[in-house]
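J.: Give me the fold of what follows.
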Amino acid sequence: MRDKELDGLEKFAEGLALFFYIFMFMATVVALAGSVGSALLLLALGSCAHICQAGLAEFVAAERGRAQPPASPRTRVTRVAEPARRVRRVA
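T.: Now for the predicted structure:
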């Protein structure tokens, strides 16, 4: 695919992430208002938006030839601690 098309898909995926948060907020408000069925529907729609967003991000990353999709700005890469050294006791 061309780079322009991939950029468009990436922007669409960002929009789907916004819809996910909107649906989750609306589901919370509707559940607190007492309409549990509507809240469940909004939760299902939000989860569909999240799944589509993640799939599009994976697809764009695979098409660009990256091994892994770009990390979210909220995630941090930490180093793994070295394993503890064995201590021998001399009796």
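
J.: Sketch out the low-pLDDT regions of the protein for me.
T.: Low-confidence segments of the chain (pLDDT under 70): 1, 66-84, 87, 91.

J.: Need the contact partners of stretch 32-51.
T.: Residues outside stretch 32-51 that contact it (Cβ atoms under 8 Å, 6 or more residues apart in numbering): 16, 17, 19, 20, 22, 23, 24, 26, 27, 28, 30, 31. Placement of C-beta: from N, CA and C, glycine included.

J.: one more time with 7 Å, if that's ok
T.: By Cβ atoms under 7 Å, 6 or more residues apart in numbering, the residues outside stretch 32-51 that reach it are 16, 19, 20, 23, 24, 26, 27, 30, 31.

J.: Which element, helix or strand, includes the fourth one?
T.: Which is residue 23. helix 3-33 (DSSP states H and E).

J.: how about that helix: buried residues?
T.: Of the residues in helix 3-33, those with enough neighbours to count as buried (16 or more other Cβ atoms under 10 Å) are 9-10, 13, 16-17, 19-20, 23-24, 26-27, 30-31.
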